[in-house]
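Trainee: please work out how this folds:
(one chain, ligands or ions: 1)
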Amino acid sequence: MADSAAPAHTAKTVYHSVANTHPVKVAASGVEVFYADKQALHGINLDIQDRSVTAFIGPSGCGKSTFLRCINRMNDTIDTARVAGSIRIDDEEINDRAVDPVLLRARVGMVFQKPNPFPKSIYDNVAYGPRIHGLASGKDELDAIVETSLKKAGLWDEVADRLDQPGNSLSGGQQQRLVIARAIAVNPEVILMDEPCSALDPIATARIEELIDELRENYCLIIVTHSMAQAARVSQMTAFFHLGHLVEYGPTEEIFTNPRDRRTQDYITGRFG
Ligand SMILES: Nc1ncnc2c1ncn2[C@@H]1O[C@H](COP(=O)(O)OP(=O)(O)OP(=O)(O)O)[C@@H](O)[C@H]1O
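Mentor: Coordinates of the predicted model:
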């Protein structure tokens with residue numbers, strides 16, 4: 001995207017130039033979201049890179065989660081929500097009616113604020129997606145998917161000897177890694193995380209942040225966070241939202257050290273939020 005030096009308080013987004021980019025995985029263009037008559041997002045244009053972590057930051061109610069939910073069409077599940085504009089994943093328009101949202105949500109996994117394992121065993125939580133999408137031809141293959149997914153989520157060593165126990169018998173941090181394993185099990189390309197650490201203690205948070213850093217080798221990760229420190233630690237790119245507008249987007253280091261819009265500067269220095 002073009003590098004444009006915009007003055008403070010413009011409706012235009014400031015895009016920092018980006019060196020050494022990964023290919024674009026998710027391309028949003030003119031995205032608007034309304035809840036009934038209320039407009040929550042205004043003309044969002046944003047290219048999100050593959051194999052990296054992009055953080056969405058901004059004050060409460062600015063539209064971060066709303067935009068995140070556009071990327072796997074979770075807003076379809078909200079009666080009053082109406083989405084306009086284009087979102088392409090690898091050049092495929094996901095808002096196209098022909099796109100099956102269930103298949104889309106396998107390609108674009110989601111991890112929520114509160115860990116939400118199914119009321120099933122650890123094994124069945126991870127096996128659930130591969131079963132419904134027919135990804136394993138037999139028990140051995142399913143076992144292998146479960147093991148690999150739990151390994152990728154950094155949980156295998158802690159649960160290998162108790163796969164038949166309920167998922168909700170794990171600690172909060174372990175449950176969040178179980179949910180990540182469940183998402184990974186269906187071979188997603190993009191993983192959306194909506195404040196994935198806000199219910200976790202600092203040690204469990206550090207473990208999830210390490211995991212996010214490992215996962216970026218293979219996935220496009222997008223994380224909504226209220227923690228500036230977390231955005232700085234885990235993301236390579238940062239998008240700052242304010243009142244439903246994308247204000248500024250660029251490499252995380254630049255957004256934090258050299259924000260160009262006054263609103264970004266005020267937010268990251270704690271003047272509002
Ligand atoms: N289901 C909904 N129905 C009606 N309005 C909604 C709904 N979800 C969000 N909104 C409104 O849309 C706007 C954006 O909300 P959103 O949750 O996307 O913001 P956010 O930046 O993620 O906030 P937070 O950081 O507090 O989670 C807010 O004004 C919010 O009240």
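
Trainee: going by C-alpha atoms from here, please, whenever you check contacts or count neighbours.
Mentor: Will do.

Trainee: which residues does Gly244 contact?
Mentor: Listed by C-alpha atoms under 8 Å, 6 or more residues apart in numbering, the contact set of Gly244 reads 39-42, 62-63.

Trainee: could you redo the last one with a cut-off of 7 Å?
Mentor: Residues near Gly244 by C-alpha atoms under 7 Å, 6 or more residues apart in numbering: 40-42, 62-63.

Trainee: for Arg107, same thing?
Mentor: Arg107 is in contact with 187-190, counting by C-alpha under 7 Å, 6+ apart.

Trainee: check the gap between the nearest residue to His242 once chain neighbours are set aside and the ligand for me.
Mentor: Using C-alpha to C-alpha, 6 or more residues apart in numbering and skipping residues adjacent in sequence, the residue nearest His242 is Cys62, 4.9 Å away. Per C-alpha to the nearest ligand atom, to the nearest Å, Cys62 is found 4 Å from the ligand.

Trainee: and Cys62, that's in a strand?
Mentor: No: under DSSP: H, G, I helix; E, B strand; the rest coil, Cys62 falls outside any strand and is assigned coil.

Trainee: what parts of the chain come near the ligand?
Mentor: Within the chain, the positions near the ligand by C-alpha under 6 Å from any ligand atom are 35, 40, 59-66.

Trainee: let's see it at 8 Å
Mentor: With the criterion set to C-alpha under 8 Å from any ligand atom, the chain comes near the ligand through 34-36, 38-41, 57-68, 78, 80-81, 224-226, 241-244.

Trainee: pull out the buried residues from the residues you listed.
Mentor: Applying 16 or more other C-alpha atoms under 10 Å to those, the neighbour count classes 34-35, 39-41, 57-58, 62-68, 81, 224-226, 241-244 as buried.

Trainee: can you pull out the strands in this protein?
Mentor: Counting by DSSP state E, residue ranges of the strands within the chain are 14-15, 24-35, 38-49, 53-57, 81-89, 92-93, 108-111, 190-194, 220-224, 237-242, 245-251.

Trainee: who are the packing partners of the fourth one?
Mentor: Under the contact criterion of 3 or more C-alpha pairs under 7 Å, 6 or more residues apart in numbering; DSSP states H and E, the helices and strands touching strand 53-57 comprise strand 220-224, strand 237-242.

Trainee: if anything else comes up later, I'll come back, but that's it for now.
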